[in-house]
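Participant: Got a sequence here, can you model it:
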Amino acid sequence: MSAAHLAIAAVTAASSVASASPTPEPLEVLAIDARPFPQITVDVAVPERERARDLPPEAFSLLGLTDVAVEELDPADLTLAVVLDDGPEVRTPGLAFQQGSATELMRTLPPDIEVMIFTTSGVATDPTVDRNAAIDAIGSSRPRSTSGTLAGVTADAAQRLETVTDGRRQLVVMTGEASDIPGDEATSLLASLDRANAAMRVVSMGDTVGPHLMQAANDSGGAAAAVGWGSDAALRAVDILSTTFAEQFRLRGTMAAPGPVTVRLTVDGRSYEATIPDVGVAPTTSTTATTPTTATTVAVATVPATAAANPTMGPGGPTSSGGGSSTPVVEASLAIAALALIVAVVVTQRRRSRHRALSRAATSRRR
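Facilitator: Next up is the predicted model:
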């Protein structure tokens, strides 16, 4: 994993055990790396209500580990690849919610994070901090065209992350209901993620996550979540991802033996916690985290693997299904884009309303 820009401060796990709350809230774990064991590295996101505070290193702990060190991560050190599954098998509401959520995510990301946009309909961009360009790329997709498969485009995105020479790398895949990739291609994808030292996060706009995608996300050190349908689901998707890429800290420590690892943050008597099971346990050394409570439900669906081969995106851009007239594709794109715009506006308004409520609550606490 990459070196951080900020100084590392050593802390002990025992320093916050005594003051921890008996009923901790969830703490978002972004990535876990146990190579080389017994040294482990855990990246966590600061909970929304604790952001914009000067959190001291001793607020974080890895329970039971020794030689613990904490550092704040620089958002400018991150390159993010976002994959949208807008192929013909994804239903219209799912397409609109993906585009609306991705658009709002671009608006909420820290400004220094570089992003790349990929879609199964043929969009592929270079890394940029220009949010308007990224939003334009999201809006320029041609849903329902057949330029690529989810497996192929996700592999392309992972391979592009391999070429990023500096900083941290993360891959986000936004899918429709029960979208998945073949098992053998999931293995290749995981190898690319491992070479790029990147974690993958999958957000399904539906009730299930494809099992191969879920396994690849977990094994990469990321996570997968199904957020359901509707504007509430779009809001949850943006919440999950914007939390992931907001204020972040990295914890390092040494384990005495393989097993579960608990990460804790304690602020003014409030505590947040996540437990990562089976760290350092063969055959895998990367896993995902569980939390005391969860905002989303992840359900595993049995989805047959497709036999589609990895495509190569040509310079001509997206085309209509079957090689015929592109008029139905254009009409579908316009309808989906209009619905996506509505979703983005609704999510923006709801996030602003909640932000104002949190600000009022913080002001009341200070008084």
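
Participant: Distance-wise, check the closest residue to Asp77 other than its chain neighbours relative to Glu114.
Facilitator: Nearest residue to Asp77 in three dimensions, chain neighbours excluded: Gly167, at 4.0 Å (C-beta to C-beta, 6 or more residues apart in numbering). Backbone N, C-alpha and C define where each C-beta goes, glycine included. According to C-beta to C-beta, to the nearest Å, Gly167 stands 8 Å off from Glu114.

Participant: Tell me where the chain has helices.
Facilitator: For the chain, the helices defined by DSSP state H cover 14-17, 92-108, 131-139, 150-162, 183-196, 211-219, 230-244, 327-366.

Participant: hang on, the earlier thing: Gly167 and Glu114: which is more packed in?
Facilitator: Glu114 (21 against 18; other C-beta atoms under 10 Å).

Participant: re the thing from before, from Thr128, how far off is the residue nearest to Asp77?
Facilitator: Distance, Gly167 to Thr128, by C-beta to C-beta: 15 Å.

Participant: One more: Thr79?
Facilitator: 10 Å.

Participant: now the stretch 151-300 of the chain, which segments are flagged as low pLDDT?
Facilitator: The model of the stretch 151-300 of the chain has pLDDT under 70 over residues 178, 243-244, 282-300.

Participant: Swap in 90 and give it another go.
Facilitator: Low-confidence regions of the stretch 151-300 of the chain, defined by pLDDT under 90, span residues 162, 164-169, 175-180, 192-199, 204-208, 217-248, 276-300.

Participant: Thr79 and Thr128 - which one has more neighbours?
Facilitator: Higher neighbour count among Thr79 and Thr128: Thr79, with 23 against 14, using other C-beta under 10 Å.

Participant: need the contact list for the residue nearest to Asp77.
Facilitator: Contact analysis of Gly167 by C-beta atoms under 8 Å, 6 or more residues apart in numbering lists 2, 76-79.

Participant: For Asp278, give its distance to Phe37.
Facilitator: From Asp278 over to Phe37 (counting by C-beta to C-beta), the distance is 12 Å.

Participant: my bad, should have said Asp184
Facilitator: In terms of C-beta to C-beta, Asp184 sits 28 Å off from Phe37.

Participant: Same check on Pro182?
Facilitator: Taken as C-beta to C-beta, the span from Pro182 to Phe37 is 30 Å.

Participant: Equivalent analysis for Phe249, please.
Facilitator: For Phe249, the distance to Phe37 - C-beta to C-beta - is 22 Å.

Participant: rewinding a little: most surrounded residue in the contacts of Gly167?
Facilitator: Thr79 (23 neighbours).

Participant: Okay, and the beta partners of that one?
Facilitator: Glu114, Arg169 (DSSP bridges).

Participant: Next, the contact list for it, please.
Facilitator: Thr79 touches 113-116, 127, 161, 164, 167-170, counting by C-beta under 8 Å, 6+ apart.

Participant: tell me which of those is nearest to Glu25?
Facilitator: Gln170 (23.4 Å; C-beta to C-beta).

Participant: wait, doesn't that closest one sit right on Phe245?
Facilitator: Yes: contact criterion C-beta atoms under 8 Å: Gln170 and Phe245 qualify, at 7.4 Å.

Participant: okay, and the common contacts of those two?
Facilitator: 78, 80.

Participant: more crowded one of those two?
Facilitator: More crowded of Gln170 and Phe245, by other C-beta under 10 Å: Gln170, with 26 against 21.

Participant: which one of the contacts of Gly167 sits closest to Pro26?
Facilitator: Nearest to Pro26 among those, with distances taken as C-beta to C-beta, is Leu78, at 22.0 Å.

Participant: how close does that closest one sit to Arg250?
Facilitator: Counting by C-beta to C-beta, the gap from Leu78 to Arg250 is 12 Å.

Participant: do Val82 as well
Facilitator: 22 Å.

Participant: Pro24 too?
Facilitator: Pro24 sits 20 Å away from Arg250, going by C-beta to C-beta.

Participant: before we move on, what about Gly152?
Facilitator: 32 Å.

Participant: got it, and Glu50?
Facilitator: 16 Å.

Participant: In terms of packing, which of those two has more residues around it?
Facilitator: Arg250 (23 against 16).

Participant: So what sits opposite that one in the bridge?
Facilitator: Asp43, Glu71.

Participant: picking that back up, neighbour count winner among Asp184 and Phe37?
Facilitator: In terms of neighbours (other C-beta under 10 Å), Phe37 is the more surrounded of Asp184 and Phe37; the figures are 16 against 11.

Participant: ok, and the closest non-adjacent residue to the more buried one?
Facilitator: Closest to Phe37 by C-beta to C-beta, 6+ apart is Gly280, at 4.5 Å.

Participant: which ones are touching the one you found?
Facilitator: By C-beta under 8 Å, 6+ apart, Gly280 lies in contact with 34, 37-38, 40, 255, 257-259.

Participant: just to revisit the earlier point, shared neighbours, Thr79 and Thr128?
Facilitator: The contact sets of Thr79 and Thr128 overlap at 114-116 (C-beta under 8 Å, 6+ apart).

Participant: I am finished for the moment; much appreciated.
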